[in-house]
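Trainee: I would like the atomic coordinates for the input below:
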Amino acid sequence: MLAIRLLIFFLLAYLVVLIINGLFSASRPSRLKRNQNPLDQGEELVLCLQCQSYIPKAEAVSSHGNYFCREECARLFTRTA
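Mentor: Just a heads-up that it's a prediction; the model follows:
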């Protein structure tokens, strides 16, 4: 009878540990959620011809086949070119 009580006690303790571990791991951000940098996903970078900075292609402003980091850089480049 004592062996059965000990077995039940250990099973309940194990279940409690699993539940607590699951609750704490759900509140922690996972590695996949933390690394949401576009560069980590292999996104292509393009050079802004006006300020000479690299930006992700998806965020770039395209004008006459050139890429710029913002509209202002595109306007300045077309004025000086």
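
Trainee: drop to CA atoms for contacts and neighbour counts, all remaining ones
Mentor: OK.

Trainee: List the buried residues of stretch 58-71.
Mentor: Across stretch 58-71, burial judged by 16 or more other CA atoms under 10 Å covers 60-62, 67-70.

Trainee: To clarify, my last question referred to stretch 69-81.
Mentor: For stretch 69-81, using 16+ other CA under 10 Å, the buried residues are 69-70, 73-74, 77.

Trainee: now the residues you listed as a markdown table including distance to Tyr14, pLDDT and secondary structure?
Mentor: Output for the buried residues of stretch 69-81, formatted as a markdown table (distance: CA to CA, whole Å; pLDDT from 0 to 100; DSSP: H, G, I helix; E, B strand; the rest coil):
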| residue | distance to Tyr14 | pLDDT | secondary structure |
| --- | --- | --- | --- |
| Cys69 | 55 | 94 | coil |
| Arg70 | 56 | 93 | coil |
| Cys73 | 61 | 93 | helix |
| Ala74 | 63 | 92 | helix |
| Phe77 | 66 | 91 | helix |
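
Trainee: Same list (the residues you listed) but as JSON lines, adding distance to Leu15.
Mentor: Below are those laid out as JSON lines (distance: CA to CA, whole Å):
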{"residue": "Cys69", "distance to Leu15": "54"}
{"residue": "Arg70", "distance to Leu15": "55"}
{"residue": "Cys73", "distance to Leu15": "60"}
{"residue": "Ala74", "distance to Leu15": "61"}
{"residue": "Phe77", "distance to Leu15": "65"}
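
Trainee: Appreciated, that's everything.
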